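Participant: Here is my input, please return the structure:
(3 chains)
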Amino acid sequence: MTDDTLLSVEGLCIDLMIGDRPHSAVTDVSFSIRRGETFGLVGESGCGKSVTSLAVIGLLKHPLIRAGGRILLDGEDLTTVSASRMRALRGARIAMIFQEPMTALNPLSPIGRQIAEMFVLHKGATWHEADRLAVKALGNVRVPAPERRVKDYPHQLSGGMRQRVMIAIALACDPDLLLADEPTTALDVTVQAEILELIRDLSSARGTAVMMISHDLGLIANMCARVGVMYAGRLVEQQEADSVFRNPQHPYTQGLIASLPLLGARARHGRKALNEIRGVVPAVADFPKGCRFNPRCERSTDLCVETDPDRTWLESGGFVRCHHHG
Amino acid sequence: MDDQHSPAVLRVEDLNVKFTLGSALFGSRRTVHAVNGVDLELRSGECLGLVGESGCGKSTLALSLMGLQLPTGGRIILDGEDISAPGVDRRKRARMAQIVFQDPYSSLNPRQSVWRTLAAPLRLHGITDKDEIRDRVTEALGRVGLRPELADRYPHEFSGGQRQRIGIARALILEPKIMVLDEPVSALDVSIRAQIINLLLEMKETLGLAYVMISHDLGVVEHMSDRVAVMYLGRIVESADWKAIFTEPRHPYTRALISAIPDPFGKGIGTKIGGEVPNPIDLPTGCSFHPRCPHAADACRQPPVPELEEIDEGHFVRCIRAREIGQGE
Amino acid sequence: MPSSIQGLSTIRILSQYHANLWIGGILFALIVLAGVFAPWLAHTDPVMDADLMNSGLPPGHDFWFGTDDQGRDIYSRVLYGARVSLTVGIGSQLINTVIGVALGLSAGYWGGWWDDFINGLTNMMLAIPSLVFALAIMAILSPGLTSLLIALGLTNWSFTCRLSRASTLSVKSQGYVQAAKVLGYSDLRIMATQILPNILGPIVIIATLGMGGAVLAEAALSFLGLGIKPPFPSWGSMLSDAREQMMLAPWISIFPGLAIFATVLSLNLLGDGLRDILDPQSRTRRT
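Facilitator: Reported below is the predicted structural model:
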């Protein structure tokens, strides 16, 4: 672990209880995020990306339980700290924004108050000071006329505005790490671009590291320096963003990129049938033995069906989990 | 296969759909002009992509085409017949146009087996011969890549992608000429979208269908459409064939939309345009886009609303400054 | 689709085995059987066999539940009384349900002035205490089984109507209902084949629980002399007869009272048990 590593997730395992039986929803996931870096976690439903972020911020609830591994924030193991210490860290050092701001914001409280709360709770400010800081925070997220908007209730704001409020709340106390779980999926495309730019600008100005979670490859590629690809609870590939796209190593990543109708592709190369990945994404209870991608993989062999591949480190500095990668 | 001379299977003329909000009693009635004077034409074998953000009216337009929303003005002519008149027989319309819904988890009746979902419409339309019904159901399932043995199962036994296929089979069973595809892959896992997209394209070729496809995913629109129409606040602001729209967009809104898409092989997040989509109740005067347009001039803010002009062959734009703004800016 | 998750508390285990459903179901079935086979199970004719020599006897070998002040066998009368209570309970609730569903479903589906009208009607019905309403109707009609069915059947549909309307509104927006319209189904066919099957769950539960209420209502009306007229046995009128004898011959009121209690309890348990099964969350459990 080098000096500029902020977050180090080592061998994280999370189980999902179905009935009385545990099923591994996230298996042996390890990655690290450097200070100020934007790291992307990309994958489809059921891959475990959201659950991983919940584990980092300590919000796993039954039926999800952490079954192993360590999460180190600046050397401090979050899996062993007390609940009150975790509460102190949440908001002050780690913050999170979610996909649907309407459910994340309190509908009965004016937004200014919700932002001010952060200052009162974590910085010991008085309500008076906190209100003033809240106006400033709202201005930072580029809400016009913030002195007036602080009195608004969430339902009076548009989707994009609410997301800005969430970002203001999350960044109020200058956390070191921001977890963003599909922050723009529910927004219109033009608003999405604005919000992403806002996140990018604010995080680079304050040196905040960002863990961006999404199913949208294009978004991840643009926002992030390094990208991890998750499938069925496993981190199957991790590389620099450029490399993931131009030189994907795992058959899943390759198949995914080849299956997307990317803007400009038809204009450049004419319409080609999209490459299909056969089969469906497995449910947690039905994860295949061996390599979890093997039923859908064209290169699958007996080895793949039997043995779950280990990590193969790549020259570029990333890794891939595949017996037949490349 | 674009055949410019094949007949228009669908023609929409000056379609208007207005909603009134507020109670008449207290005089606070306001009108939302969800679809505002839309003209469209669709030929057999063609896929028209309908693009726009929330509040643009594309969903309302789709519902009107399917008879689920009564228009307040204009005409919808399907295969030569005006189906926007209130007295039109549902069954007749059903044989001409069908719809595939966005959400595969709510578009199938959970209490009906797949068999019943597919066979009942046939019976409703007068087909009683058991063998014929069986053949047609098996054929429909086969076309969407599902084995006929699966017909006895219930929706909850299928995955999202399979449910969407069943929805497509249901839309096909009456052999319509037109299908409205409402965000056909948005609710599906990314890795199976290709299966459905390829299926839809293949069906269009083999069955000679025409599609009106609504999608917010411009990559899908570019891949599937022959022509594209861009909507903003109830009006079509640009329409052209797919290549023109994506390589030479002329309306400032279209350009903003396209450049806002994150391109994994490019570098930018996309250029943003200021503001949010305004409230459709308070339409700006003159061009509805002027509050957010980087090229807005005084003339743009004055009434009247600009007309759709043909600025290149087959390429229509609703912008008085379209020629001045030029391409590649 | 996510599988559902269960904890291990006792209540959870009980509900896993559907204790409510079994206990309620079996108990209710027994009561129904008792009523159906009353002529064979009873020892005497409940009306005619009244020997004043036997009046006021406590429960014993010949008369299992004792006799009332007229010398009639209470056990036989309780059995025959079951017929009345069950007929009224089930019958009136069926009428209520049919009316409530018809009005509520159509109101929710069509909306507009019909919906406004039904809502107004329902509001009025809900403002009148249903028992008082039934009382008033019984006072006008001559007492008897048919009148009871009419009185209780026409006054208790409001809740079912509201429930049907709300369920219809939420089902109406589902894709498959719109798909049915687009496929050419008529409104009536859509209501019957697409909406009705998908709203039945909660309605069946309410109907079952409502039966308990109807049994109680019949008992109350008969107690007041407005239901089944004596000498024909009804649990409610038996309670009324027993009023003066409460201290001296408690068995005259205990057994009909127990019968009412058991019937209503079984219906409540059955209703709860049905709710456990028909609750949508349990239904989407993946095996």
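
Participant: all contacts plus neighbour counts: C-alpha atoms, from now on.
Facilitator: Noted.

Participant: okay, which residue is most central for chain A?
Facilitator: The C-alpha lying nearest the average C-alpha coordinate of chain A belongs to residue A:213 (C-alpha atoms, centre = their mean; 2.7 Å).

Participant: What helix or strand is it located in?
Facilitator: Per DSSP states H and E: residue A:213 is located in strand A:209-214.

Participant: residue ranges for the strands of the stretch 101-250 of chain A, please.
Facilitator: For the stretch 101-250 of chain A, strands defined by DSSP state E, counting those that start in this stretch occupy the ranges A:177-181, A:209-214, A:226-231, A:234-240.

Participant: how about the ones you listed in a markdown table, adding distance to residue A:304?
Facilitator: Shown next, in a markdown table, are these (distance: least, C-alpha to C-alpha, whole Å):
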| stretch | distance to residue A:304 |
| --- | --- |
| strand A:177-181 | 31 |
| strand A:209-214 | 27 |
| strand A:226-231 | 15 |
| strand A:234-240 | 13 |
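
Participant: Could you dump the ones you listed into JSON lines and include distance to residue B:288 and mean pLDDT?
Facilitator: Formatted as JSON lines, these follow (distance: least, C-alpha to C-alpha, whole Å; pLDDT from 0 to 100):
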{"stretch": "strand A:177-181", "distance to residue B:288": "34", "mean pLDDT": "95"}
{"stretch": "strand A:209-214", "distance to residue B:288": "33", "mean pLDDT": "95"}
{"stretch": "strand A:226-231", "distance to residue B:288": "40", "mean pLDDT": "95"}
{"stretch": "strand A:234-240", "distance to residue B:288": "43", "mean pLDDT": "94"}
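
Participant: closest one to residue A:282 among those?
Facilitator: Within these, the stretch nearest residue A:282 is strand A:226-231; the backing value is 9.5 Å (C-alpha to C-alpha).

Participant: Can you name the residues of chain A that neighbour chain C?
Facilitator: Residues of chain A lying near chain C by C-alpha under 8 Å from any C-alpha of the partner chain: A:17-20, A:63, A:283.

Participant: ok, of those, which come out buried?
Facilitator: The neighbour-count test (16 or more other C-alpha atoms under 10 Å in any protein chain shown) marks A:17-18, A:63, A:283 as buried among those.

Participant: Do stretch B:111-124 and chain C come into contact?
Facilitator: Yes - applying C-alpha under 8 Å from any C-alpha, one finds stretch B:111-124 touching chain C at B:111, B:121, B:124.

Participant: Give me the buried subset of these.
Facilitator: Among these, those buried by neighbour count (16+ other C-alpha under 10 Å) are residue B:121.

Participant: give me the residue from the stretch 151-300 of chain B nearest chain C.
Facilitator: Going by C-alpha to the nearest C-alpha, chain C is nearest to residue B:156 of the stretch 151-300 of chain B, at 7.4 Å.

Participant: so what's that residue scoring on pLDDT?
Facilitator: If you check residue B:156, the pLDDT there is 90.

Participant: which residues touch residue A:247?
Facilitator: The contact partners of residue A:247, by C-alpha atoms under 8 Å, 6 or more residues apart in numbering or on different chains, come to none.

Participant: Which phi and psi values does it adopt?
Facilitator: Dihedral pair for residue A:247: phi -140, psi 60, per degrees, to the nearest 10.

Participant: And residue B:181, by the same measure?
Facilitator: Main-chain torsions, residue B:181, degrees, to the nearest 10: phi -110, psi 110.

Participant: Please tell me how far it sits from residue A:143.
Facilitator: Look at residue B:181 and residue A:143: by C-alpha to C-alpha, to the nearest Å, they are 36 Å apart.

Participant: Equivalent analysis for residue B:172, please.
Facilitator: Relative to residue A:143, residue B:172 is positioned 48 Å away (C-alpha to C-alpha).

Participant: Surely residue A:264 is in contact with residue B:244?
Facilitator: No - contact criterion C-alpha atoms under 8 Å: residue A:264 and residue B:244 do not qualify, at 11.8 Å.

Participant: Distance check, residue B:249 against chain A.
Facilitator: 13 Å (C-alpha to the nearest C-alpha, to the nearest Å).

Participant: Based on its surroundings, how many neighbours for that residue?
Facilitator: Applying other C-alpha atoms under 10 Å in any protein chain shown, we find 25 residues neighbouring residue B:249.

Participant: Equivalent analysis for residue B:313, please.
Facilitator: Residue B:313: 8 surrounding residues under other C-alpha under 10 Å.

Participant: related to what we said a few turns ago, please identify which of residue B:172 and residue A:143 sits among more neighbours.
Facilitator: More crowded of residue B:172 and residue A:143, by other C-alpha under 10 Å: residue B:172, with 29 against 18.

Participant: The closest residue to that one other than its chain neighbours: helix or strand, and which one exactly?
Facilitator: Nearest residue to residue B:172, sequence neighbours excluded (C-alpha to C-alpha, 6 or more residues apart in numbering or on different chains): residue B:140, at 6.7 Å. Per DSSP H and E: residue B:140 is located in helix B:130-143.

Participant: got a list of contacts for that helix?
Facilitator: B:115, B:118-119, B:122-123, B:127, B:147-148, B:166, B:169-170, B:172-173, B:203.

Participant: which of those are buried?
Facilitator: B:115, B:118-119, B:122, B:148, B:166, B:169-170, B:172-173, B:203.

Participant: need the contact list for residue B:257.
Facilitator: Applying C-alpha under 8 Å, 6+ apart to residue B:257 gives the contacts A:189-190.

Participant: Can you point out the buried residues in whichever helix or strand it is part of?
Facilitator: Per DSSP H and E: residue B:257 is located in helix B:252-259. Of the residues in helix B:252-259, B:252-259 count as buried by neighbour count, 16+ other C-alpha under 10 Å.

Participant: okay, who's weakest in the residues you listed by pLDDT?
Facilitator: residue B:259 (83).

Participant: distance of that one from residue A:189?
Facilitator: Residue B:259 is 10 Å from residue A:189, where distance means C-alpha to C-alpha.

Participant: Next: residue C:143.
Facilitator: 71 Å.

Participant: Identify the residues contacting the next helix or strand after the helix holding residue B:257?
Facilitator: Downstream of helix B:252-259, the first helix or strand assigned by DSSP H and E is helix B:298-301. Contact with helix B:298-301 is made by B:284-287, B:290, B:320, as judged by C-alpha under 8 Å, 6+ apart.

Participant: Stretch B:317-324 now?
Facilitator: Applying C-alpha under 8 Å, 6+ apart, the external contacts of stretch B:317-324 come out as B:236-239, B:250-251, B:287, B:300, B:306-311.

Participant: Please tell me how far that stretch is from the chain's geometric centre.
Facilitator: Relative to the centre of its chain, stretch B:317-324 is centred 25 Å away, using C-alpha atoms, centre = their mean, to the nearest Å.

Participant: and the end-to-end length of it?
Facilitator: The straight-line separation of the ends of stretch B:317-324 (C-alpha to C-alpha) is 13 Å.

Participant: Kindly report the same for stretch A:43-59.
Facilitator: Termini of stretch A:43-59 sit 20 Å apart (C-alpha to C-alpha).

Participant: could you say which helix or strand contains residue B:118?
Facilitator: If you go by DSSP H and E, residue B:118 is part of helix B:114-124.

Participant: Closest to residue A:35 out of the contacts of helix B:298-301?
Facilitator: Among these, residue B:290 lies closest to residue A:35 (C-alpha to C-alpha), at 42.0 Å.

Participant: Please name the residues that touch residue 133.
Facilitator: Picking chain A for this. Residue A:133 neighbours (C-alpha under 8 Å, 6+ apart): A:116, A:119.

Participant: wrong one, I was asking about chain C
Facilitator: Listed by C-alpha under 8 Å, 6+ apart, the contact set of residue C:133 reads C:151, C:155.
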